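# I'll drop the sequence and a predicted model, then ask my questions.
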Protein chains: 2
Amino acid sequence: MRNLKMTIQYDGSKYKGWQKQKYGESTIQYKIENVLSKMTGEDIQIIGCGRTDAGVHAENYIANFHTNSELTVNTMLDYLYEFLPEDIVVKSIEDTAERFHARYNAKSKTYLYRINNNKFRNVFTRKYAYHTDERLNLNEMRNAAEILIGTHDFQSFTNLKPNGKSTIKIINYINILEKEDIIEIEVNGDGFLLNMVRIIVGTLLEVGKGKLKSMDIEKILDKRKREEYGPIAQAKGLYLKNVQY
Amino acid sequence: MRNLKMTIQYDGSKYKGWQKQKYGESTIQYKIENVLSKMTGEDIQIIGCGRTDAGVHAENYIANFHTNSELTVNTMLDYLYEFLPEDIVVKSIEDTAERFHARYNAKSKTYLYRINNNKFRNVFTRKYAYHTDERLNLNEMRNAAEILIGTHDFQSFTNLKPNGKSTIKIINYINILEKEDIIEIEVNGDGFLLNMVRIIVGTLLEVGKGKLKSMDIEKILDKRKREEYGPIAQAKGLYLKNVQY
């Protein structure tokens, strides 16, 4: 049986996220499984590298699936390109090791958050970046980000209810860059809890706006309890950029 | 009476172009006049720097209007920002000379055309760039563009029916640049006939795809007749970038 690894780009605006389980047809997973099943005549189940929230985008989402189909990867790519909706594109497919698992084998993930920080919204990025006219203090945001780097219990930075499972995660880096009129926050870590990236960004935005100080971050981490310290940042600014295996 | 000059950004996807005259409510001019008239209590008529086709975008469209209103420009900007649809933003307003006329005083205009030249469409630029998977020969396109620079009769490059008016225009430059996965064609000229930029780009694309040779451009110009040499390029890739006064 073949095991195929896909790299997927999607505009999440119209979807309830990646995962089919809860939201059925209005998910990216459903759309792709549906086309793959028609293509192969099999009941294809995709293994995604993780969930993404409703409205979140992806540049290079990784997923794999098993099939007995003998179609070439180019034939599959063309079929998917023709039959998927215009906001989902499978960019590449490759045969991979039988044991490859898109979720279990992921060593780390990189997320990108885009912010349009001008007096008025930019009409061309209005669906793809968070807009704020409050001038952000990037240096304070960088100081705050520094505190989050490393191994921490991120219970204060997730909407996941405590369920006995570990909420300890490793953040490898957080880069905050200014690119023309867009500010990008890039977060890389070994794994992320429910809403974790959006709450980290929401908290950093509070720091940038002067509503929190960078040293408050330490106290928030220590609480080990989500108490709405930082609001959850809007989904439309978030992209899963890459997955490292 | 005050004469106010506005700089406007708009996503033209949903509109039938700038000009109200023919298409009424689904035009950018109508939307802005409507808000300005409510704001001032006057019947405001806007003078735009020119027409843009249905679906064409603008980074810095220039328009002016006369009013007896004593509102500050900041109050006007905030009012417009609140009441215009989210795909139209008036970026700045300034008091200008009584005799300033956005169309008559324009010395030249710069248009930008964006092309996504990859095997598969990019989902994030799908509404804001033309996609083709045919690898474009940019050098041949640059050679062809060179021939169009200067003063020429552009009757072969407009869908305007001959009406006795001069179709002689000056193209100052055409720059073709590669920026990551987007190719940009920037065209600057003293004025443009109906559909002229889109026909120039459509013709350059034919050259890039090898369906025309750069030296065919000379023959097409000489014909002084529109004979569908180059198809009209899709509106969604075109932006009015700047107007020079």
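In hand now; what should we look at? Residues are numbered from 1 along each chain as shown, chains lettered A, B, ... in the order given.
# from now on I want contacts and neighbour counts done on CA atoms only, so please keep to that.
Noted.
# show me chain A divided up by domain.
The record, using automatic domain parsing to delimit domains, assigns chain A the ranges A:2-96, A:110-244.
# how about the residues of chain A by chain B?
When proximity is defined by Cα under 8 Å from any Cα of the partner chain, chain A lies next to chain B at A:9-11, A:81, A:86-89, A:91, A:120-124.
# which among the residues you listed end up buried?
Buried positions within the residues of chain A next to chain B, assessed by neighbour count (16 or more other Cα atoms under 10 Å in any protein chain shown), are A:9-11, A:81, A:87-89, A:91, A:120-124.
# can I get the residues you listed in TSV including secondary structure and pLDDT?
Formatted as TSV, the entries for these read as follows, by DSSP: H, G, I helix; E, B strand; the rest coil; pLDDT from 0 to 100:
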residue	secondary structure	pLDDT
A:9	strand	98
A:10	strand	98
A:11	coil	98
A:81	helix	97
A:87	coil	98
A:88	strand	98
A:89	strand	98
A:91	strand	97
A:120	coil	95
A:121	coil	95
A:122	coil	96
A:123	coil	97
A:124	coil	96
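# got CSV for those, with distance to residue B:162 too?
Converted to CSV, those look like this (distance: Cα to Cα, whole Å):
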residue, distance to residue B:162
A:9, 47
A:10, 46
A:11, 44
A:81, 43
A:87, 42
A:88, 45
A:89, 44
A:91, 47
A:120, 42
A:121, 42
A:122, 39
A:123, 37
A:124, 36
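# how much space separates the residue nearest to residue A:132 when sequence neighbours are not counted from residue B:88?
For residue A:132, ignoring the flanking residues on the chain, the nearest one in space by Cα to Cα, 6 or more residues apart in numbering or on different chains is residue A:117 at 5.2 Å. Taking Cα to Cα, to the nearest Å as the measure, residue A:117 falls 17 Å from residue B:88.
# go on, residue A:58?
Between residue A:58 and residue B:88 the distance is 27 Å, computed by Cα to Cα.
# and residue A:219, how far from residue A:154?
According to Cα to Cα, residue A:219 stands 12 Å off from residue A:154.
# dihedrals phi and psi, the residue of chain A most remote from its centre?
With distances taken as Cα atoms, centre = their mean, the residue sitting farthest from the centre of chain A turns out to be residue A:70, at 31.8 Å. Main-chain torsions, residue A:70, degrees, to the nearest 10: phi -110, psi 10.
# just how off-centre is stretch A:36-54 within its chain?
Taking the mean C-alpha point of stretch A:36-54 and that of its whole chain, the gap between them comes to 17 Å (Cα atoms, centre = their mean, to the nearest Å).
# cool, and stretch A:33-52?
19 Å.
# what does stretch A:105-116 give?
That offset, for stretch A:105-116, works out to 6 Å (Cα atoms, centre = their mean).
# tell me the buried residues in that stretch?
Within stretch A:105-116, the residues that qualify as buried are A:106, A:108, A:109, A:110, A:111, A:112, A:113, A:114, A:115, A:116, counting by 16+ other Cα under 10 Å.
# sort out for me which of those residues are in strands.
Among the buried residues of stretch A:105-116, the members falling in strands are A:108, A:109, A:110, A:111, A:112, A:113, A:114, A:115, A:116 (criterion: DSSP state E).
# who does the last one bridge with?
When bridges are called by DSSP bridges, residue A:116 pairs up with residue A:131, residue A:182.
# can you give me the helices in chain A?
In order along the chain, chain A carries the following helices (DSSP state H): A:20-23, A:28-40, A:73-83, A:138-148, A:196-208, A:216-223.
# by mean pLDDT, which helix or strand of chain A comes out lowest?
Per-element confidence for chain A was summarised using mean pLDDT, DSSP states H and E. The lowest value among helices and strands belongs to helix A:20-23, with a mean of 82.
# for chain A, give me the ranges with low pLDDT.
Within chain A, the stretches with pLDDT under 70 are A:228.
# which residues touch residue A:215?
residue A:144 (Cα atoms under 8 Å, 6 or more residues apart in numbering or on different chains).
# any idea how far chain B is from it?
Computed as Cα to the nearest Cα, to the nearest Å, the residue A:215 to chain B distance reads 35 Å.
# phi, psi for that residue please.
For residue A:215, the backbone dihedrals (degrees, to the nearest 10) come out as phi -70, psi -10.
# need the contact list for residue A:68.
Residue A:68 makes contacts with A:1, A:2, as judged by Cα under 8 Å, 6+ apart.
# does residue A:48 touch residue A:103 like I think?
Yes - taking contacts as Cα atoms under 8 Å, residue A:48 lies within contact range of residue A:103: 6.1 Å.
# common neighbours of these two, please.
Each of residue A:63 lies in contact with both residue A:48 and residue A:103 under the rule Cα under 8 Å, 6+ apart.
# out of those two, which sits in the busier spot?
A direct count of neighbours by other Cα atoms under 10 Å in any protein chain shown for residue A:48 and residue A:103 places residue A:48 higher, at 21 against 17.
# what sits opposite residue A:48 in the beta ladder?
Beta-bridge partners recorded for residue A:48 (DSSP bridges): residue A:63.
# please work out which of the helices of chain A is packed deepest.
Neighbour counts averaged per stretch over the helices of chain A are highest for helix A:196-208, at a mean of 24; criterion: mean count of other Cα atoms under 10 Å in any protein chain shown.
# that helix - contacts with which helices or strands?
Helix A:196-208 sits against helix A:138-148, with contacts defined as 3 or more Cα pairs under 8 Å, 6 or more residues apart in numbering or on different chains; DSSP states H and E.
# could you dump the helix it packs on to PDB, C-alpha only?
Output of helix A:138-148 as PDB, limited to C-alpha atoms (Å, rounded to 0.1, in the frame of the first residue of the first chain):
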ATOM      1  CA  LEU A 138       7.700  46.200  18.700                       C
ATOM      2  CA  ASN A 139      10.700  46.300  21.100                       C
ATOM      3  CA  GLU A 140       8.400  45.700  24.100                       C
ATOM      4  CA  MET A 141       6.700  42.900  22.200                       C
ATOM      5  CA  ARG A 142      10.200  41.300  21.500                       C
ATOM      6  CA  ASN A 143      11.000  41.500  25.200                       C
ATOM      7  CA  ALA A 144       7.800  39.800  26.100                       C
ATOM      8  CA  ALA A 145       8.300  37.100  23.400                       C
ATOM      9  CA  GLU A 146      11.800  36.400  24.800                       C
ATOM     10  CA  ILE A 147      10.200  35.300  28.100                       C
ATOM     11  CA  LEU A 148       8.000  32.700  26.300                       C
END
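# packing partners of it?
Packed against helix A:138-148, as judged by 3+ Cα pairs under 8 Å, 6+ apart, are the following elements: strand A:168-179, helix A:196-208, helix A:216-223.
# of those, give the one that comes closest to residue A:40.
helix A:196-208 (36.0 Å; Cα to Cα).
# next, the angle from that closest one to helix A:216-223.
Orientation note: helix A:196-208 sits at an angle of 140 degrees relative to helix A:216-223 (axes from the mean of the first three to the mean of the last three Cα atoms, to 10 degrees).
# C-alpha coordinates for helix A:196-208, CSV please?
Provided in CSV are the C-alpha atoms of helix A:196-208 (Å, rounded to 0.1, in the frame of the first residue of the first chain):
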residue,chain,number,x,y,z
MET,A,196,-2.2,28.7,21.8
VAL,A,197,-0.6,30.7,19.0
ARG,A,198,-3.6,33.1,18.8
ILE,A,199,-3.4,33.6,22.6
ILE,A,200,0.3,34.2,22.5
VAL,A,201,-0.2,36.7,19.7
GLY,A,202,-3.2,38.3,21.5
THR,A,203,-1.0,38.7,24.6
LEU,A,204,1.9,40.2,22.6
LEU,A,205,-0.5,42.6,21.0
GLU,A,206,-1.6,43.8,24.5
VAL,A,207,2.1,44.4,25.3
GLY,A,208,2.6,46.2,22.0
